[in-house]
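1. Got a sequence here, can you model it:
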Amino acid sequence: MSKINIKPTESELEILQTLWEHGASTVRFVNDFLNEKRSSGQKEIGYTTTLKLMQLMHEKGLASRNEESRTHIYEAKVQEGEMQKALLEKFVDKTFRGSAMKMVMQALGNHKTSKEELDEIKALISKIENK
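-> Sure thing, here's the model as predicted:
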């Protein structure tokens, strides 16, 4: 089982993805970036909302905060791969009763898979079988 016990909210995960993509960032940068990504019909995220979320993420241990300058800099405290693994494990356990095969079959059955994707899947299966 993964060592990450904290499940981020959707908003926290969106902030983490921004921090993983751009590295250490100010609240202003994260807020501006999230608002730029929004589609025209979506409501803009307020700066104070982003600030509060990032403060809560710091308290939860999802982000670290450098307070050396006037502008605080936040950085993801968890690695992207570790978080993906932890969330996927929980998802497979809860949604597919722990069966990765059921999840993969559902995903492949509901998605048009390209030849390149199928080739990558076959290569991964071969690599797993040869371990």
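
2. What mean pLDDT does the helix or strand residue 88 falls within get?
-> Using DSSP states H and E, residue 88 maps to helix 80-95. Averaging pLDDT along helix 80-95 yields 93.

3. Buried residues, it. List them.
-> Under the neighbour-count criterion of 16 or more other Cβ atoms under 10 Å, helix 80-95 has 83, 86, 92 buried. Every residue, glycine included, has its C-beta placed from N, CA and C.

4. and what of stretch 36-49?
-> Neighbour-count burial for stretch 36-49, counted by 16+ other Cβ under 10 Å, picks out residue 45.

5. For the remainder of this discussion, apply numbering that starts at 20.
-> Noted, 20 is the first residue going forward, which turns the last one into stretch 55-68.

6. and it, C-alpha only, in CSV?
-> Provided in CSV are the C-alpha atoms of stretch 55-68 (Å, rounded to 0.1, in the frame of the first residue of the first chain):
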residue,chain,number,x,y,z
GLU,A,55,-6.3,31.0,-17.4
LYS,A,56,-7.1,27.3,-17.7
ARG,A,57,-10.8,27.8,-17.0
SER,A,58,-13.2,27.6,-19.9
SER,A,59,-15.3,30.7,-20.7
GLY,A,60,-18.4,29.5,-18.8
GLN,A,61,-16.6,28.7,-15.6
LYS,A,62,-16.5,31.1,-12.7
GLU,A,63,-13.2,32.7,-11.9
ILE,A,64,-11.4,31.5,-8.7
GLY,A,65,-10.8,34.3,-6.2
TYR,A,66,-7.2,34.9,-5.0
THR,A,67,-8.3,34.5,-1.3
THR,A,68,-9.8,31.1,-2.2
